[in-house]
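[1] mind folding the following:
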Amino acid sequence: MWYVYIIKCSDSSLYTGVTTDVKRRLGEHNAKTGARYTYGRTPVRLLHSERYPDRSGALKREAEIKSWPRIKKLALIKKGHD
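    Numbering: from 1, shown residues only. I've put the predicted structure just below:
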């Protein structure tokens, strides 16, 4: 299984990524061994994740979400918590 996830950084920015293990990846971001973008923006908090059967599907969804404006990402997060 592959996952697309959205995290909120300490500066309130949103970061979208893909992984096979969300818990491990979140730990990597907070340990400053994850993405360069999150290195100076810890701690990070998981806001949203979606599961996909393959890497290709997850990467396509990641690209789609990354192209969205912040307000649309926040609506997706809110919808997932309703």
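[2] tell me the contacts of residue 43?
    Contacts here follow Cβ atoms under 8 Å, 6 or more residues apart in numbering; on that basis residue 43 touches 10, 30. Every residue, glycine included, has its C-beta placed from N, CA and C.
[3] surely it is within a strand?
    No. According to DSSP: H, G, I helix; E, B strand; the rest coil, residue 43 belongs to no strand; its state is coil.
[4] what pLDDT does it get?
    We have a pLDDT of 94 for residue 43.
[5] then residue 21?
    In this model, residue 21 is scored at 98, pLDDT.
[6] tell me where the protein has helices.
    Remark: helices assigned in the chain by DSSP state H are 22-30, 36-39, 55-67, 70-81.
[7] ok, which of the ones you listed comes nearest residue 7?
    Among the helices of the chain, helix 22-30 comes nearest to residue 7, with 6.4 Å by Cβ to Cβ.
[8] show me what that closest one is packed against.
    With contacts defined as 3 or more Cβ pairs under 8 Å, 6 or more residues apart in numbering; DSSP states H and E, the packing partners of helix 22-30 are strand 2-8, strand 14-19, strand 45-52.
[9] so what touches the first one?
    When contacts are defined by Cβ under 8 Å, 6+ apart, strand 2-8 is touched by residues 14-22, 25-26, 29, 38, 44-55, 57-58, 61-62, 65, 73, 76-77.
[10] among those, name the buried ones.
    Burial by neighbour count, 16 or more other Cβ atoms under 10 Å: within the contacts of strand 2-8 this picks out 14-19, 22, 25-26, 29, 38, 44, 47-48, 50, 52, 58, 61-62, 65, 73.
[11] any idea how far residue 24 is from residue 63?
    Distance, residue 63 to residue 24, by Cβ to Cβ, to the nearest Å: 22 Å.
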